[in-house]
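Trainee: Structure for the following, please:
(2 chains)
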Amino acid sequence: MIYQRPKGTNDILPKEATLWEYLEATAKSIACKYGYQEMRVPIFESEKLFKRSSGETSDVVAKEMYEFTDKGNRKMALRPEGTAGVVRAYIENKLYAPEYVKPLKVYYQGPMFRYERPQSGRSREFNQFGIEAFGVEDPRLDAETIILGWDIIAALGIGHVTVTLNTLGDAPSRQSYLKALVDYLTPYNEELSKDSQIRLQKNPLRILDSKDVHDQQIIQNAPKITNYLTDDARKYFDQVQSKLTEMGINYQLNDDLVRGLDYYNHTIFELVYTGEAFGNKPLTILAGGRYNQLVEELGGPHTPGIGFGLGEERIIEILQRDESLVSKLQPQIDLFLVGVDQSVNDYIFKLAQDLREKGITVVYDYMGRSVKSQLKLANRQRAKFTIVIGEDELKNNEFKLKKMCDGTEIPVKLAEITKNILGEI
RNA sequence: GCGGUAUUGGUGAAGUGGUUAACACAUCGGUUUGUGGCACCGACAUACAUGAGUUCGAUCCUCAUAUACCGCCCCA
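Mentor: Sure, this is the predicted structure:
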């Protein structure tokens, strides 16, 4: 093999593509119900944009950015996540202007890139469907965002999913909490794992979701963000929760939930799947949160925002296990035209075109195969009907429409083919 | 970025330091004339990821590279 695909990328072949179409169509239609519209932004942006938005110390930026220098010597990066580009576009196109309805609700879909070692549920190029809503800070919107995500997952028929919820509070909450956390952890510095010792310097919050067993023991008694929330932040989070409860969304509070990107504050959440598709190991399939400072940090006017991203590969992995869904989505051939010999080629070519215009899915053989082979082919493609066409048929203008599921044949005139097939499908 | 395992045809795979790389599935063709899903018959790897080395000789040994899978970090 001379050429192979780049490491960590995937070809989506026709058989799986139907699942992708289904997933994306479902997500889009549900987002539309909530008033979202599509927005398309570049797949690469200035490297700086991602550094400023995600945070220099975040792993996504520090070691996973797919960077390159273009011919104009500009430092660019393939987008590692969707929010930064959308926010940039929001600011650049002045979508904060008074003539735009607030909140501005947009969704996007497409590939993201992270330079990392491929493994289960993770690749270098992966696709996300995401939404962002700008300009409104209202607990109802936070709750609605989570519900929208839940809605999509439910519509896809995916089970074994739990909503995990936390708040990072507002700036004052976070500041006082951070201080308390560092004060608590510093005496343990020697005991912490190496990774966590570095985190203590750079991003102490991340120690909270360390997987190191000993780290976890230390964390158990660490101060909790919930005890450091300002009254406003507490009240806000309470309302988000009560709205979720009101709508019957089951969620679990997890005050160790932080998120990899620095721009989040207030409500953050993840939808975690724990099922067979990933060996019953919990894996996040949808995650997001509120980012009230990001627009301002990237040079726009103060504008609160909230959104989430959904990992399409991970969803597909789950959907693929649903065999009845997969087979339901396979394309259906209505009619296979079987030619007795090459003399009817032109006739079949025209007839097929004619029937397609009438809305029937028609295929035929191009390889000069025997009648028997053509029928095998029709069978393999699960064609619903076949018509064998030879001299007799042309002479009498009388065809036998064969129903492949039971082998019955009914005589039809040329003009009746359409009606008969459409009546059955 | 670190660690582990793997890499044989369209697929699942067996296998050996030495003329013919098992078996199965799939595919194609056929089992007389224009009819499918069954059965039977036949065809189907000059080749064992790539490159180099050891050897009289390597798909099988060694090294490197690539990729895949799994784990860590991190994350969708």
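Trainee: can you give me the helices for the stretch 251-400 of chain A?
Mentor: For the stretch 251-400 of chain A, applying DSSP state H, counting those that start in this stretch gives helices covering A:294-297, A:312-319, A:323-329, A:345-357, A:371-380, A:391-396.
Trainee: Any idea which of the ones you listed has the lowest pLDDT on average?
Mentor: Of all the helices of the stretch 251-400 of chain A, mean pLDDT reaches its minimum on helix A:323-329 (a mean of 84).
Trainee: in that one, what counts as buried?
Mentor: A:326, A:329 (16 or more other Cβ atoms under 10 Å). For glycine as for every other residue, the C-beta is placed from the backbone atoms N, C-alpha and C.
Trainee: And for that helix, what's in contact with it?
Mentor: For helix A:323-329, contacts defined as Cβ atoms under 8 Å, 6 or more residues apart in numbering pick out A:18-19, A:21-22, A:157, A:319-320.
Trainee: rerun that using 10 Å as the cut-off
Mentor: A:15-19, A:21-22, A:156-157, A:319-320, A:322, A:382 (Cβ atoms under 10 Å, 6 or more residues apart in numbering).
Trainee: so what's residue A:361 up against?
Mentor: Residues in contact with residue A:361 (Cβ under 10 Å, 6+ apart) are A:331-336, A:355, A:383-384, A:421, A:425.
Trainee: Same check on residue A:122?
Mentor: Each residue near residue A:122 by Cβ under 10 Å, 6+ apart is listed here: A:8, A:114, A:116, A:283, A:311, A:313-314.
Trainee: looking at those, which has the most residues close by?
Mentor: Highest neighbour count within the contacts of residue A:122, by other Cβ atoms under 10 Å: residue A:311, with 23 neighbours.
Trainee: check contacts around the nearest residue to residue A:281 once chain neighbours are set aside.
Mentor: Leaving aside its chain neighbours, residue A:281 sits nearest to residue A:274 (7.2 Å; criterion: Cβ to Cβ, 6 or more residues apart in numbering). When contacts are counted by Cβ under 10 Å, 6+ apart, residue A:274 touches A:159-162, A:280-283.
Trainee: And the residues you listed, which is closest to residue A:34?
Mentor: Ranked by distance to residue A:34 (Cβ to Cβ), the contacts of residue A:274 are led by residue A:161 at 18.9 Å.
Trainee: is the closest one in a bridge, and if so with what?
Mentor: Counting by DSSP bridges, residue A:161 is bridged to residue A:273.
Trainee: confidence score at it?
Mentor: Per-residue pLDDT puts residue A:161 at 94.
Trainee: Spit out the contact partners of it.
Mentor: A:149-150, A:153-154, A:250, A:271-275, A:285-286, A:318.
Trainee: Report the two of the residues you listed separated the most.
Mentor: Farthest-apart pair in the contacts of residue A:161 is A:250 and A:318; separation 18.9 Å (Cβ to Cβ).
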